[in-house]
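give me coordinates for this.
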Amino acid sequence: MVSTNQVGNEASTTLMHPRPGEDVVLPPTDLGPLVHLARFLEAHTEPAMLRGPDGENIPLPPEVYTVLRQVVEVMRQGKAALIAPQGLLLTTQEAADFLGISRPTLVRLLEEGAIPFEKPNRHRRIRLEHLVDFQHRRSTDRRAVLDQLTEQASELGLYEETEATYAKALREARRSLARKKIAD
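Residues are numbered from 1 along each chain as shown. This next block holds a predicted model:
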């Protein structure tokens, strides 16, 4: 569902207005052959050859081979695949949906400068590559915070506790909460 629309003087692409014949590629109902293909691609890291109907072989460029592997993996998981050009311009609602956040949250991020945007007319447009960069930064930041918390927990000896100790602490916390509810 990718199409080209005219925004101002620049051609842009949006996810919500497909051109005739364009679709998101859905995985097959029988995932068996796809699982077999995924295993084959995992076992062979070197780019493959593409054989045409006339028997002509053409080597796949490494970038195309990487995309093929990614598409097969996504479809093997039962998910739909969509390849979009990097110049893709999204509306604020499409961008929010892409990130899995609300539109007001996205607008706040735009206004804070966390994600660059364009305003060719009255409406904001966000480039797909900026959203992907934001996702990567957010993931990296979260991972750093989790690493820091893990390090602190390790320094405090929290990983040395046994399951029984955690179960006992949980029981005590529940009893304390129940007593508090009864007292109220």
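
domain assignment for this protein?
The chain is divided into the following domains under automatic domain parsing: 23-83, 140-183.

could you say which of the ones you listed is packed most deeply?
Per-residue neighbour counts averaged over each of the domains of the chain give the maximum for domain 23-83, namely a mean of 12 (mean count of other CB atoms under 10 Å). All C-beta atoms are positioned from the backbone trio N, CA, C, and that covers glycine.

for Arg108, find the nearest of the domains of the chain.
Across those, the minimum distance to Arg108, taken as CB to CB, is reached by domain 140-183, at 16.9 Å.

picking up where we left off before, make TSV from the domains of the chain and add mean pLDDT and distance to Arg108 to it.
Supplementary listing: these in TSV, determined by pLDDT from 0 to 100; distance: least, CB to CB, whole Å:
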stretch	mean pLDDT	distance to Arg108
domain 23-83	85	27
domain 140-183	82	17
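
I'd like those domains as CSV, with distance to Asp133 appended.
Putting the domains of the chain into CSV (distance: least, CB to CB, whole Å) gives the following:
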stretch, distance to Asp133
domain 23-83, 18
domain 140-183, 11
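
for those domains, which one sits closest to Ile101?
Proximity to Ile101 (CB to CB) singles out domain 140-183 among the domains of the chain, at 14.0 Å.

just how off-centre is that closest one within its chain?
Computed by CA atoms, centre = their mean, to the nearest Å, the separation of domain 140-183 from the middle of its chain amounts to 30 Å.

how long is it end to end?
Taking CA to CA, to the nearest Å, the first and last residues of domain 140-183 lie 45 Å apart.

10 is where my numbering starts, stick with that
Yep, numbering from 10; the last one is domain 149-192 now.

now the strands for the protein?
Secondary structure of the chain by DSSP state E: the strands cover 12-16, 19-23, 58-60, 66-68, 98-99, 135-136.

end-to-end on stretch 124-137?
Its first and final residues considered, stretch 124-137 spans 11 Å by CA to CA.

let me fix that: stretch 156-172
For stretch 156-172, the first and last residues are 22 Å from each other (CA to CA).

same deal with stretch 89-101?
Length of stretch 89-101, first residue to last, CA to CA: 22 Å.

now Ala178: how far from Leu158?
Ala178 sits 19 Å away from Leu158 when distances are taken as CB to CB, to the nearest Å.

top helix in this structure by residue count?
Scanning the chain for the longest helix, with DSSP state H as the assignment, gives helix 137-164.

ok now it, how far from the chain's centre?
Using CA atoms, centre = their mean, we find the averaged C-alpha position of helix 137-164 to lie 14 Å away from the chain's own average C-alpha position.

which helices and strands does that helix pack with?
Using 3 or more CB pairs under 8 Å, 6 or more residues apart in numbering; DSSP states H and E as the contact test, the elements touching helix 137-164 are strand 98-99, helix 101-108.

the last one: which residues count as buried?
Buried positions in helix 101-108, judged by neighbour count with 16 or more other CB atoms under 10 Å: Thr101, Glu103, Ala104, Ala105, Asp106, Phe107, Leu108.
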